[in-house]
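> What shape does this take:
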Amino acid sequence: MIEDKENNQLITISLTLIAIISVAFALYFTRPIMIPFILALFVRILIDPIIDFQTKNLRVHRIVAIIVAIFIIIGLFVIIIPIIIDSLAIFLKSADDYNFKVLLLIETVINKLQYFDIEINNEIIRESFLSLPFLDWASSALSNGANFVAKFFLVVIMTLFLLVGSTGAKKSQTWENINNQVKKYIFVKFITSAFTGIIAGSIYWFLGLDLAMIFGTLTFLLNFIPTFGSIVAVLLPLPVAFLQFDDPAIIIMVIILPAIVHMIVGNIIEPKMFGQAFDLHPVTIIVALISWGMLWGITGMLLAAPLTAIMRISFNNFDTTRPFALLLSGKLHHKL
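Take a look at the predicted model:
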């Protein structure tokens with residue numbers, strides 16, 4: 001009896017692995033459609049509370065509530081995107097100043113190295129730096145704005161269809177549990193990430209850092225990646241701060257103050273709101289970042305942790321796949 005159970009579990013695990021590999025191939029080749037679709041699913045979950053509030057408390061018809069919610073999302077982007085573009089445009093105007101500061105820094109470093117009898121060809125390093133296409137990268141980011149807007153509206157249209165097409169059909173208790181847990185994870189993670197991004201962006205703006213809004217937005221996005229995202233978000237503004245400010249105290253504050261915000265959110269607020277139900281092992285996060293990055297590029301890396309957490313939630317609700325949930329959280333050894 002025990003052997004049969006072990007054999008069945010082994011067969012289930014093998015079939016699940018085959019299914020995961022097959023799904024990975026499908027996700028890679030269908031990424032132009034799947035990425036907007038997954039983003040639309042996330043947006044749908046996020047605006048569900050807005051729709052429910054209107055239909056239950058304000059007695060608004062569901063279609064009207066959906067339209068209002070969609071316009072709120074569009075309105076937020078209409079406000080935020082121009083601010084980010086203006087911030088990048090201002091940064092481009094200061095590009096020559098940054099080039100001069102970087103070259104001055106290179107000269108200083110070379111002089112220090114030569115003091116220790118380390119011979120370095122000054123001209124080669126200067127020419128190598130000047131040949132780097134910094135302005136081209138920034139200009140490309142601006143020119144890709146139209147492409148981003150097109151994809152954004154594709155996500156909005158898909159979200160609209162998902163909302164209108166949803167039915168009130170009764171679901172099983174298991175799927176209801178999965179649905180509720182996924183909603184909780186995405187909604188809470190969005191709120192904590194938005195809070196972190198707004199506070200960090202405000203700190204950068206208060207300190208007078210260039211690209212404050214862009215760094216705030218990147219903080220919001222990177223907060224979806226547990227542990228590693230926070231580290232990257234804290235370190236990203238360092239080169240700009242180092243070149244922009246002469247006062248070491250301001251440079252230190254650019255790093256320390258957002259780091260404190262990340263520590264409070266990551267170590268106090270999120271654990272209290274999530275509990276241990278959504279834990280992912282650091283190794284799982286690294287593997288997820290690499291895997292989803294290979295499948296969907298940068299977007300896949302940003303979605304890696306949420307998608308893996310959703311997989312863990314789903315696996316944990318079925319006896320046969322629960323070992324996978326334990327594996328993703330690094331707790332499988334407790335059950336062995």
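> rest of the way, CA atoms for contacts and neighbours
Noted.
> The helix or strand where Pro49 lies - contacts with which helices or strands?
Here Pro49, judged by DSSP states H and E, is contained in helix 31-57. Using 3 or more C-alpha pairs under 8 Å, 6 or more residues apart in numbering; DSSP states H and E, the elements in contact with helix 31-57 are helix 62-93, helix 145-165, helix 173-207, helix 282-316.
> Quick one: mean pLDDT over the third one.
By that I understand helix 173-207. Averaging pLDDT along helix 173-207 gives 86.
> Quick one: mean pLDDT over whichever helix or strand comes after it.
Following helix 173-207 in sequence order, the next helix or strand is helix 212-222 (DSSP H and E). For helix 212-222, mean pLDDT rounds to 89.
> likewise stretch 70-80?
In this model, stretch 70-80 carries a mean pLDDT of 83.
> Show me what it is in contact with.
Counting by C-alpha atoms under 8 Å, 6 or more residues apart in numbering, stretch 70-80 makes contact with Val156, Leu160, all of which sit outside it.
> Show me which residues of it are buried.
Ile70 (16 or more other C-alpha atoms under 10 Å).
> Might one say that Ile313 is in contact with Asn179?
No. With contacts counted by C-alpha atoms under 8 Å, Ile313 stays clear of Asn179, the gap being 9.3 Å.
> More neighbours: these two, which one.
Ile313 (22 against 16; other C-alpha atoms under 10 Å).
> sorry, back to before: closest one to Asp52 among the helices and strands packed on helix 31-57?
helix 62-93 (8.2 Å; C-alpha to C-alpha).
> which residues does Glu176 contact?
Neighbour list for Glu176: empty [criterion: C-alpha under 8 Å, 6+ apart].
> Redo the helices and strands packed on helix 31-57 as JSON lines? Include distance to Phe42.
Formatted as JSON lines, the helices and strands packed on helix 31-57 follow (distance: least, C-alpha to C-alpha, whole Å):
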{"stretch": "helix 62-93", "distance to Phe42": "12"}
{"stretch": "helix 145-165", "distance to Phe42": "9"}
{"stretch": "helix 173-207", "distance to Phe42": "7"}
{"stretch": "helix 282-316", "distance to Phe42": "10"}
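> now the helix holding Pro49 and helix 282-316, what's the angle there?
With axes from the mean of the first three to the mean of the last three C-alpha atoms, to 10 degrees applied, the angle from helix 31-57 to helix 282-316 works out at 60 degrees.
> buried stuff in stretch 152-167?
Buried residues in stretch 152-167, counted by 16+ other C-alpha under 10 Å: Phe152, Leu154, Val155, Val156, Ile157, Met158, Thr159, Leu160, Leu162, Leu163.
> Confirm for me that Phe37 is in contact with Ile157.
No. Contact criterion C-alpha under 8 Å: Phe37 and Ile157 do not qualify, at 9.8 Å.
> For the stretch 1-150 of the chain, give me the ranges with low pLDDT.
For the stretch 1-150 of the chain, applying pLDDT under 70 flags the ranges 1-9, 88, 91-96, 98-103, 105-149.
> how does it look with 80?
1-17, 20, 80-150 (pLDDT under 80).
> Same question for the stretch 201-336 of the chain.
Short version for the stretch 201-336 of the chain, where the test is pLDDT under 80: 226-227, 271-281, 319-321, 324, 329-336.
> how many other residues sit next to Asn267?
Neighbourhood size, Asn267 [other C-alpha under 10 Å]: 12.
> Closest to Ala288 out of the buried residues of stretch 152-167?
Using C-alpha to C-alpha, the buried residues of stretch 152-167 come closest to Ala288 at Val155, 23.5 Å.
> what about the closest one, distance to Ile191?
Distance, Val155 to Ile191, by C-alpha to C-alpha, to the nearest Å: 20 Å.
> same deal with Gly216?
According to C-alpha to C-alpha, Gly216 and Ile191 sit 14 Å apart.
> Between those two, tell me which one has more neighbours.
The neighbour comparison of Gly216 against Ile191 (other C-alpha under 10 Å) goes to Gly216, with 26 against 13.
> Settle this for me: that one is touching Ile198, isn't it.
Yes. Between Gly216 and Ile198 there is a contact at 6.2 Å, judged by C-alpha under 8 Å.
> Compute the number of surrounding residues for Ala308.
Rather than Ala, residue 308 is Thr. Neighbours of Thr308 using other C-alpha under 10 Å come to 20.
> Number of residues surrounding the closest residue to it other than its chain neighbours?
Spatial nearest neighbour of Thr308, chain neighbours left out: Ala288 (6.9 Å); criterion: C-alpha to C-alpha, 6 or more residues apart in numbering. Applying other C-alpha under 10 Å, we find 21 residues neighbouring Ala288.
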